[in-house]
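Colleague: pasted the sequence and its predicted model underneath.
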Amino acid sequence: MDVYLKKMKDELRLRNYSPKTIKVYLSCVTNYLRAKGNNFEIIDINFIKQYLLSIVEKGKSSQTIN
């Protein structure tokens with residue numbers, strides 16, 4: 001998981017995102033990857049939708065969900 005987060009962080013830095021934005025994005029992706037467990041290479045649309053619905057049910061803001 002750390003390899004993917006490092007790549008993402010580097011990409012966001014190259015795109016000149018603010019440090020605060022990078023921190024928030026990495027936190028959101030970390031939570032998603034933890035929920036996913038393993039098999040990061042496989043994209044499962046149904047899992048993504050269920051994960052987003054779980055965030056909605058927790059009352060997270062639309063900004064967080066987006």
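Modeller: That came in fine, so what should we check first?
Colleague: please make it C-alpha for all contacts and neighbour counts, starting now.
Modeller: Noted.
Colleague: residues in contact with the helix or strand bottoming out on mean pLDDT in the chain?
Modeller: Ranking every helix and strand in the chain by mean pLDDT, DSSP states H and E puts helix 62-65 at the bottom, with a mean of 85. For helix 62-65, contacts defined as CA atoms under 8 Å, 6 or more residues apart in numbering pick out 28, 52, 55, 56.
Colleague: please apply the same query to stretch 45-54.
Modeller: 32, 35, 36, 65.
Colleague: tell me, how many residues neighbour the first one?
Modeller: Residues lying near residue 32 (other CA atoms under 10 Å) number 14.
Colleague: does it count as helix, strand or coil?
Modeller: For residue 32, the secondary structure call by DSSP: H, G, I helix; E, B strand; the rest coil comes out as helix.
Colleague: give the contact list for it.
Modeller: Applying CA under 8 Å, 6+ apart to residue 32 gives the contacts residue 51.
Colleague: residue 19 versus that one, what's the distance?
Modeller: Shown here: residue 32 relative to residue 19, a distance of 20 Å by CA to CA, to the nearest Å.
Colleague: next: residue 59.
Modeller: In terms of CA to CA, residue 59 sits 25 Å off from residue 19.
Colleague: out of the contacts of stretch 45-54, flag the one nearest to residue 11.
Modeller: Using CA to CA, residue 32 comes nearest to residue 11 of those, at 18.3 Å.
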